Structure formats: C-alpha cells, structure tokens
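1. Next come a sequence and a model predicted from it.
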Amino acid sequence: MASTQAAQVLVASNRGPVSYQVAEDGSLHARRGGGGLVSGLSAIGPDAGALWVCSSLSDGDREAVRRGVGEPGVRMLDIPADVHADAYNGVANSVLWFVHHMLYQTPLEPSFDAEFRAQWESYEAYNRAFASALAEEAADGATAVIQDYHLTLVPGMLRALRPDLRIGHFSHTPWAPPDYFRVLPDDIAAAILHGMLGADRLGFLTHRWADAFRACCEAFVDGGVGGTRIGVHGLGADADFLRQRSHEPDVTERLASLRTEIGASPDGTPRRTIVRVDRTELSKNIVRGLHAYRHLLATRPEWRDRVTHVAFAYPSRQDLAVYRDYTAEVQRVAAQINDDYGTSAWTPVILHVEDDFARSLAAYRLADVALVNPIRDGMNLVAKEVPVVSDEGCALVLSREAGAYEELAEDAITVNPYDITQTAEALHTALSMPPGERAERAKRLAAAATALPPARWFLDQLNELEA
Ligand code: G6P
C-alpha cells in the first residue's frame, strides 16, 4: 500500500548515503558519503520524490533510527545487528563476493554447512525487510532501482508485493561464469537467479559481466533470462567534481607533504612515483603488486633510489578474519621491501592505511604511473580517476580482469594480474614512457574514463526502465 508521501523513484542499497556515530556526550553525528548513486540522485533534483532505502550498519545507525533521526529522502532500516552480520558478512561478503570475484581457495573452501544455512535465512530476512519497505513507500507505478549482490532477492520479492512497479537491479561487481557460479548450492543459485529475474531490467558494468549472467541463466533457469531485459552501463568518473575537488587547499597541502615524503633522486630531480589507491580488498591484488614492484627493483637496479611506490590501502570489511590477515600481509611485504632496499635517504614503499580522500587526490595528482592490477573487479574507478586528476598525465598499468579494461585497454599498459614478472616489466615500460606520449595517452584515457558520468549513468537506467 502506497503511503501519503509516496516515492516516485526509489533506490535501495546496503550502504546508504549517510552514517551516524554516537559521540561521548551521547549526541549523534551524521557523515555524508559520495559515489555514483549520490550524484545520480542529486541529478534528478530534490523535487523528484526520490527515496533512498538503506540498511543501518553500525550501532550509531541503529541508534539514529531508534531516535527517529534521519535525513530527508533517506529511509534507514533497523536491521538487527546479528541479522545484518549474517547477511552482510556471512552471505554477501564471504560467499557472493567470493563467487563473483572467484576468490576461493577451492581445495578447502567453500563448505556450505548448517551454519551457512542459518546465515542464508538472515540474508532472506534482510532482503525481505528491503522489499517490504520499498513496497510501503513506492507510489503507484513508481520506479525502484536495487543495488548489488547484497539485495539479489529483492526484485522477485518486490514484484510479488507490488506488480505495478518498474523494477531495476544494478550489479556493481563482476558476475561469475557458470562453472564457478555452480559452486553455490543448487537451491541457492536458483533463488539468486530467480530473485534477480524478478526485475524488469538488470544492469551490469560491462558486457563481460552481463554475458556471464545470461550464461548462468541459460545453464540453470528454464527459459533463461525470459522477459527480463539486460543492459550495460559503464559507470565513469565524475570529471567536474574531481577536477574541482583535487585543487582545494586541503589537497594542495597534502600534495606538498607527500612530495617531501617522496623526496628527490640522487641527481636532484623528484623521484618518480607509482601510485595505487584501494580498499584493502582481496580482489585488488595489492600483495602481488608489491611483489611486482620488488621484482622491478631487483631486475632493473637503475630505478633504485629513483622511484617510490605510493600505496594507499584503506581498511575494509575488517570483521572478516581473511581481510585482517590480508591487511597484515600487505604491511609485512611493504616493510620487507623497505628493509631490503631502503636507505637512509630513500623509502621504496610509502604505505598509508588511514582513509584520507584528500591525500588520495594528492597522490593522483603527482602519479607518474597508476597501478591498477585487480585479479577481478566490476569496474575499478581508480583506473578512471587517476588519468583525469594527474597533473602531468600518468601512465596506467591496468589488469585485463578489471571492468575498466573494456574501455581503457587501448591506452593502458595491460597485464595479467597473476603474472608478477609481466607486471614488473609493465611498470618499467610505464616509468620509461616519454612524457609526450604519456600525456597524450592520459588525455585519451581521461576522455574514455569520463564518457558516462555518474549522473548520466543513473538517468540512463531510469529512462530505460521507464521506456
Ligand atoms: C563494492 C561493492 C559496493 C560496496 C563497496 C564498499 O564496490 O560493489 O556495494 O559498497 O564495495 O564495500 P562495503 O562492504 O564497505 O560497503
């Protein structure tokens, strides 16, 4: 049943545009986030009757919901902490993320046991909470766009509750090929595909992921994708925002201190930089990136003391032991390189782990080379952002397994992310690229990277759904 202030456009995602923290004095502090959906929704304007349905993620969020604190246009769901932990950590991040990014060490994992079945029930309950909230809030014939692997069951559940709605779903991750997807228990694989096919239209970041989804449906669902339409929307970087934000005073300040930290080569010229910025995420391949850099220093001694690897690896999903272990491994390998190659005047790897957006932009600005080598990635926006922001134009070393490869391969130096020797050689090629060629390539990379800005990306999906 539609409520009185029923919404015309609804977005649903696990992580919403705002989060809350309880301060020591008990007051609540709101923090606003960014990203493609935030720009997309602001593009349709404040009067469009849009509502963003998201989950409470922390104690602060749950407290805000209980106190009735909120932002206009946002409905945060009070999902019990244990249900959310099972759905988000247990199913979404430990199973679905692993399947789509093909991250399992299959001799030992996954094993789908009774504990997993209990977590799956939470995942269903969590999806049901979203479907009910959307059904309650939507105006007659409204459009709902549901985001990502956390919410694969929502389209089907919502369709059953509100057949009048136009329902879209967008996947921000890769999609697994059938031979990998079928590691899931048969009933769960079927539930996910049927849940998604409850949508009128499904969006993916690249043709490769859309084709994999279609192949899974052909393999495991009678009638394949049936009447559900499938589209590709390759989210691009937000050039206007990035160019403006990266020249604000806090970024310029951090640029100066990074330059000091990096220092100069023996001949007095600034050291070259290889920059990477990631969440500390298993799929980002940070450890092999460090090994490739080490191999570069070992096999191309001419770069010693003349290059610095600026690596920002920001905390992510630290509730999961495997992410904590991976974070420790990143730090261990970086420290080992510094021990083995560093001198009193040169730190080969500058690793920062506290999230600082302004410092990330500063690193983008001074990057000579951007290293983006994920083993598998839905898109990878860093690959698109660095060429836009870099002051002198950077060379891009890019994994062929990143979604961004579909649009950027031509002007990047592309690598097999498992091949450390090849990646080291690619870093050498990138560092050696003549400045003119580098600037030309960066210009073309930036043009390709900004072809579909976030606002357009979102509006295109709405238009397609309403067509
Ligand atoms: C990926 C997912 C998003 C997710 C983001 C950050 O991009 O596709 O849905 O929000 O990672 O991960 P987190 O688990 O911190 O929300």
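-> Perfect, thanks for sending it.

2. show me what contacts the residue of the stretch 101-250 of the chain found nearest the ligand?
-> Residue of the stretch 101-250 of the chain nearest the ligand, by CB to the nearest ligand atom: His172 (3.5 Å). All C-beta spots, glycine's among them, are computed from the backbone N, C-alpha and C. Contact partners of His172, counting by CB atoms under 8 Å, 6 or more residues apart in numbering, are 147-148, 205, 235, 378-379.

3. just checking, what's the longest helix in this structure?
-> helix 114-137 (DSSP state H).

4. Would it count as contacting the ligand?
-> No: judged by CB under 6 Å from any ligand atom, helix 114-137 and the ligand are separated, with a smallest distance of 13.7 Å.

5. Run the chain-centre distance for that helix.
-> Computed by CA atoms, centre = their mean, to the nearest Å, the chain-centroid distance of helix 114-137 equals 23 Å.

6. contact partners of the very next helix or strand once past it?
-> Moving toward the C-terminus from helix 114-137, the next helix or strand (DSSP states H and E) is strand 138-147. Residues from elsewhere that reach strand 138-147 (CB under 8 Å, 6+ apart): 2, 6-14, 37, 49, 130, 134, 154-155, 158, 162, 164-170, 172, 199, 458, 461-462, 465-466.

7. Give me the contact status of the first helix or strand past strand 138-147 going along the chain with the ligand.
-> Following strand 138-147 in sequence order, the next helix or strand is helix 154-161 (DSSP H and E). No: with CB under 6 Å from any ligand atom as the criterion, the ligand is not reached by helix 154-161; the gap is at least 13.8 Å.

8. next one: stretch 348-361
-> No: Stretch 348-361 is not in contact with the ligand by CB under 6 Å from any ligand atom; minimum separation 10.9 Å.

9. Make a PyMOL selection of the buried ones in the contacts of strand 138-147.
-> Listed next is the PyMOL selection for buried residues among the contacts of strand 138-147, using 16 or more other CB atoms under 10 Å:
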select buried, resi 2+6+7+9+10+11+12+13+14+37+49+130+134+154+155+158+162+165+166+167+168+169+170+172+199+458+461+462+465
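
10. Residues in contact with the helix or strand encompassing Leu361: which ones?
-> Under the criterion DSSP H and E, the helix or strand holding Leu361 is helix 357-366. For helix 357-366, contacts defined as CB under 8 Å, 6+ apart pick out 242, 245-246, 248, 250-255, 258-259, 262, 273, 275, 277, 310, 312, 352, 370, 385-386, 389-391.

11. Double-check that the residue of the stretch 101-250 of the chain closest to the ligand belongs to a strand.
-> No: applying DSSP: H, G, I helix; E, B strand; the rest coil, one finds His172 to be coil, outside a strand.

12. Below-threshold pLDDT in the protein: ranges please.
-> Residues of the chain that meet the criterion pLDDT under 70 lie in 1-4.

13. what residues does it put near the ligand?
-> Neighbours of the ligand within the chain, by CB under 6 Å from any ligand atom: 15, 148, 172-173, 316-317.

14. So which of those is surrounded by the most neighbours?
-> The residue in these with the most neighbours, by other CB atoms under 10 Å, is Thr173 (21 neighbours).

15. so of the contacts of strand 138-147, which ones are in strands?
-> Per DSSP state E, strands hold the following members of the contacts of strand 138-147: 7-13, 166-170.

16. Roughly how far does the closest residue to Thr143 other than its chain neighbours sit from Ile146?
-> In space, Thr143 comes closest to Arg166 once its chain neighbours are excluded; the distance is 4.5 Å by CB to CB, 6 or more residues apart in numbering. When CB to CB, to the nearest Å is applied, the distance between Arg166 and Ile146 equals 12 Å.

17. Can you verify my assumption that Arg400 contacts Ala412?
-> No: using CB atoms under 8 Å, Arg400 is not in contact with Ala412; the gap is 9.4 Å.

18. between those two, which one's more packed in?
-> Using other CB under 10 Å as the criterion, Arg400 and Ala412 rank with Ala412 on top: 26 against 13.

19. right, and that one touches Leu445 too?
-> Yes: look at Ala412 against Leu445 with CB under 8 Å: they come within range, at 6.8 Å.

20. before we move on, back to that, after the helix holding Leu361, next one along is what?
-> Criterion used, DSSP H and E; the element after helix 357-366 is strand 369-372.

21. strands paired with that following strand, and their directions?
-> Neighbouring strands of strand 369-372 in its sheet, by DSSP bridges, are strand 272-279 (parallel), strand 395-399 (parallel).
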